[in-house]
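A structural model of the following input is requested.
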Amino acid sequence: MHRRMESHSGRVVECFAARPRTIDEMFRAVVARAADAEALVDGTTRLSYRELDRQVDRLADALAAAGIQAGDRIAVMLSNRLEAVLCVLAIARAQGILVPIGERLRAPEVAHILQDSQAIALVYQETCEPQLPPAEATPLCAARFCCGTSRCGNPAFEQLLATRAQVQQLPVLTGTVEDDIFGILYTSGTTGRPKGATLTHLNVIHSCLHWVDRLGLVQEGERSVLCIPWSHVAGLCGVVFPLLYLGGALVLVKEFNKRTFLRLASEERMSHALLVPAMYGLCLLDPDLRSFDLSAWRIGVYGSAPMPEATIRRFAEAVPHLVMCNAYGATETASPATIMPPGDGLDQSDSIGKVVACGEIRVMDENGCEMPPGEPGELWIRGPMIASGYWRNPEATESAFVAGFWKSGDIGSVDSQGYVRIADRKKDMINRGGFKIYPAEVENVLCELGGVLEVAVVGRPHVILGETVVAFVRCVDVDVTDAIVREFCSEKLADYKIPDHVVIVEEPLPRNPNGKMQKEMLREMARALP
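Numbers count the residues shown, from 1 in each chain. Prediction:
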């Protein structure tokens, strides 16, 4: 695909020359090209692109009739269900701004997002009602619509649809609006209160194009089972939009269950999936894995955490025709900043792939000077997929976005062949007696230990050494002890990297709603150890 330099949001970036200008333009083009192709599968409900388009028109008209104007923020707190995809597309058609809210967030978190985004409307599902802040806490968000039965007396989602006005079909967005904000996606808040990354139509469209370009996805033939939350950037920009862009089919799963996923992958002839590494590990634990017909599954993408090489190899044995590709990104990069070239995964298992076609990554030291190939530093990322900034937060925008680059906060390197590697987050590095330890390195080693499902390594304050190393380890169906862990590490790591304390846990390790490990909570647990 032809690329050229263009000016957007005050930056000069490389872009794909041929592209849809907006999400609605993209969707209308697919409807025109593949109207009868299957678009969505939600339980027993199946919609073609033509049928989906009609429902999008109906909801977009209803939003306009309800007083929603261009630029208004509309929050959506739904699980992976038909209504969620419908809202995403209808908000774009009505020229509003989408504000996704994870269904697991609690009232204070929901209140922060509604207040900060200044959302004027909220669509939510019945099960989320106990997690909503009182209406008086978010006075701007006067309109709340419930999918299901509201115990608070809020109108039903169907009632919103009933307000449809007799208006002319809403126009296709044209001109410079591709630099307008499509959505405000709130970061996971691992370092403080979540910030709203402002993703433009240009950002999201390029995310779609990068997936298609790197993975070789095909038009109107791909089928994906969506079992990661649509409300997170990986689900929305990594699965929902790429499949809709292609005219493929989205099979919606409200919550991941390995048996449900494998059954649907077989029955729906799934060709593509984006999962977190733990999901692949859980699938491997299913004794009937080889009995499922996964012959249509071509592309298996993973990200958000390191994938143990042992898991990659075991999955390759179980599904030998499957091409597994690592990917790396963030909310601020509208999903992928790097994608592993198909076929390179096993030989480059410690890498997160190569930078996407229109992207650029520079490895910078603390003084803002570029490091040589292979040397570690902070990853600075630039491209048409980078968010335009943080909503109503100029200080954070100025701090994180420099000369068109987003400062990721991740320590990594880029080798002479262009493969990118992540060492760790800057804030997570452990200093033990002057030796710098990247927790991810220790975690990767421990993931190779048989039966280990999850690992998190943090530092613990020490009066002499500064910090010591604490490993939290969750296992499945095996007895793992402190001695076993330390002996295993002694064969693969320098002595100062071996965990000083090993905590064996039975419950899942704490993660935030975006699936990222809550290491600050683990640090508090580590400080409380005897």
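
Let me know the average pLDDT across the lengthiest helix in the chain.
Using DSSP state H, we find that the single longest helix of the chain is helix 49-65. The pLDDT scores in helix 49-65 average 95.

Now do the helix or strand that that helix is followed by against helix 49-65, angle only.
Later in the chain than helix 49-65, the nearest helix or strand by DSSP states H and E is strand 73-77. Here strand 73-77 points in a direction 130 degrees away from that of helix 49-65 (axes from the mean of the first three to the mean of the last three C-alpha atoms, to 10 degrees).

What are the contacting residues of whichever helix or strand comes after strand 73-77?
As assigned by DSSP H and E, the chain's next helix or strand after strand 73-77 is helix 82-93. The contact list for helix 82-93 (C-beta atoms under 8 Å, 6 or more residues apart in numbering) reads 22-24, 27, 40, 42, 45, 47, 52, 55-57, 59-60, 63, 74, 76, 78, 97-98, 123, 125, 147, 157, 170, 182, 230-231, 236, 240, 244, 250, 252. All C-beta atoms are positioned from the backbone trio N, CA, C, and that covers glycine.

all strands of the stretch 201-350 of the chain, in order?
223-226, 249-252, 272-275, 299-302, 323-330, 335-339 (DSSP state E, counting those that start in this stretch).

Pull the fourth one out as CSV, backbone CA atoms only.
What that stands for is strand 299-302. What follows is strand 299-302, C-alpha atoms only, in CSV (Å, rounded to 0.1, in the frame of the first residue of the first chain):
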residue,chain,number,x,y,z
ILE,A,299,-3.7,-16.3,12.8
GLY,A,300,-3.3,-16.3,16.6
VAL,A,301,-2.3,-12.9,17.9
TYR,A,302,-1.2,-12.3,21.5
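
just checking, what packs against that strand?
Under the contact criterion of 3 or more C-beta pairs under 8 Å, 6 or more residues apart in numbering; DSSP states H and E, strand 299-302 touches strand 272-275, helix 277-284, strand 323-330.

partners of that strand in the sheet?
When sheet partners are counted by DSSP bridges, strand 299-302 sits next to strand 272-275 (parallel), strand 323-330 (parallel).

Touching the last one from outside, list them.
Counting by C-beta under 8 Å, 6+ apart, the neighbours of strand 323-330 from elsewhere in the structure are 187, 214-215, 233-234, 238, 274, 298-303, 307, 312, 315-316, 335-343, 345, 351-353, 408, 420, 422.

Now the buried members of these.
187, 214-215, 233-234, 238, 274, 298-303, 307, 312, 315-316, 335-341, 345, 351-353, 408, 420, 422 (16 or more other C-beta atoms under 10 Å).

quick one on the thing from earlier: present the strands of the stretch 201-350 of the chain as CSV; the columns should include mean pLDDT and distance to Arg3.
Listed next are these as CSV, based on pLDDT from 0 to 100; distance: least, C-beta to C-beta, whole Å:
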stretch, mean pLDDT, distance to Arg3
strand 223-226, 98, 26
strand 249-252, 98, 28
strand 272-275, 96, 24
strand 299-302, 94, 23
strand 323-330, 92, 19
strand 335-339, 95, 16
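
Of all those strands, which one comes closest to Val445?
Among the strands of the stretch 201-350 of the chain, the nearest to Val445 by C-beta to C-beta is strand 323-330 (17.7 Å).

Quick one: distance of that closest one to the chain centre.
11 Å (C-alpha atoms, centre = their mean, to the nearest Å).

tell me which strands and helices the lowest-mean-pLDDT helix or strand in the chain is in contact with?
Lowest on mean pLDDT, DSSP states H and E among the helices and strands of the chain sits strand 435-437, with a mean of 77. In terms of contacts (3+ C-beta pairs under 8 Å, 6+ apart), strand 435-437 is packed against strand 430-432.

Can I get stretch 136-143 as CSV, trimmed to CA atoms?
The C-alpha trace of stretch 136-143 is given here as CSV (Å, rounded to 0.1, in the frame of the first residue of the first chain):
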residue,chain,number,x,y,z
GLU,A,136,-26.4,13.6,41.3
ALA,A,137,-22.7,12.8,41.3
THR,A,138,-22.6,13.2,37.5
PRO,A,139,-25.2,16.0,36.7
LEU,A,140,-23.9,16.5,33.1
CYS,A,141,-24.8,12.8,32.3
ALA,A,142,-28.5,13.4,32.6
ALA,A,143,-29.6,10.6,30.2
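
Going by neighbour count, which residues of that stretch are buried?
Going by 16+ other C-beta under 10 Å, stretch 136-143 has these buried residues: Thr138, Cys141, Ala143.

Next step: these restricted to strands.
Counted as lying in strands by DSSP state E, out of the buried residues of stretch 136-143, are Ala143.

show me where pLDDT drops low in the stretch 351-500 of the chain?
424, 426, 434, 477 (pLDDT under 70).

hmm, back to that, now tabulate the strands of the stretch 201-350 of the chain in TSV and tack on distance to Cys152.
What follows is these, written out as TSV (distance: least, C-beta to C-beta, whole Å):
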stretch	distance to Cys152
strand 223-226	29
strand 249-252	26
strand 272-275	35
strand 299-302	39
strand 323-330	35
strand 335-339	35
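
Centroid-nearest residue for the protein?
Closest to where the C-alpha atoms of the chain average out (C-alpha atoms, centre = their mean) is Ala234, at 2.4 Å.

and that one, what does it touch?
By C-beta under 8 Å, 6+ apart, the neighbours of Ala234 are Ile228, Leu274, Gly303, Ser304, Gly329, Ser335.

Mind pulling the model confidence for it?
For Ala234, the model assigns a pLDDT of 93.

for Val167, same thing?
48.

Domain-wise, how is this structure divided?
51-173, 429-527 (automatic domain parsing).
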